[in-house]
Structure formats: structure tokens, C-alpha cells
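*Asks:* Structure of the sequence below:
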Amino acid sequence: MGKNVHVTPRPNGFAVISAGAQRASVIMPTQAQAIAVARPQAARNGSELVIHRPNGQIRASDSHGRDPRNIPG
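*Replies:* Predicted structure coming up:
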């Protein structure tokens, strides 16, 4: 499984950054545009897309890895 891809708020927009990276791969003006860039990146990596609210809290996450199919509940 690859590194998680985060969409995080910045003063000038929203950044797309891989876990452990020091710099953002791209900064987009809106969160929707940043998600559109980050989703294919997470799918290529087989990792999780983590979307943060403007206050920094995690809003949603979307797994693009191999999830087990025998999850109870």
C-alpha cells in the first residue's frame, strides 16, 4: 500500500500532499479542485485519500487500496 494522500487547507487554497512529504505536490484554489487532483493520485498509489476541513479536522477518507471483503457488520 502506498502513502496516503491528504487534501489540507492552506492560506492560499488547498494543498495535495503525500504522507511524509515535506512539500505539497500542488496547491489548488478550491477544495473540490484539490480533491479532483488527489483522487487519481491515491488510486494510482493504492492508498487512502484523506480530506481535511478548513479548520484542519478530517472531513472524510476514501480507501483506494485492497480492502478485505469479509468485514463483519
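*Asks:* Look at the closest residue to residue 52 other than its chain neighbours and report its pLDDT.
*Replies:* Ranked by Cβ to Cβ, 6 or more residues apart in numbering and with sequence neighbours excluded, the top spatial neighbour of residue 52 is residue 8, at 4.8 Å. (Each C-beta comes from the backbone N, C-alpha and C, glycine too.) The predicted structure scores residue 8 at 95 on the pLDDT scale.
*Asks:* again with residue 73
*Replies:* The pLDDT attached to residue 73 in the predicted structure is 54.
*Asks:* secondary structure element for the nearest residue in space to residue 25 that is not next to it in sequence?
*Replies:* Nearest residue to residue 25 in three dimensions, chain neighbours excluded: residue 16, at 5.2 Å (Cβ to Cβ, 6+ apart). Residue 16 is part of strand 13-18 when elements are defined by DSSP states H and E.
*Asks:* And the helix or strand of the chain with the lowest mean pLDDT, what's buried?
*Replies:* The helix or strand with the lowest mean pLDDT-type score in the chain, counting by mean pLDDT, DSSP states H and E, is strand 58-63 (a mean of 90). By neighbour count, with 16 or more other Cβ atoms under 10 Å as the criterion, strand 58-63 contains no buried position.
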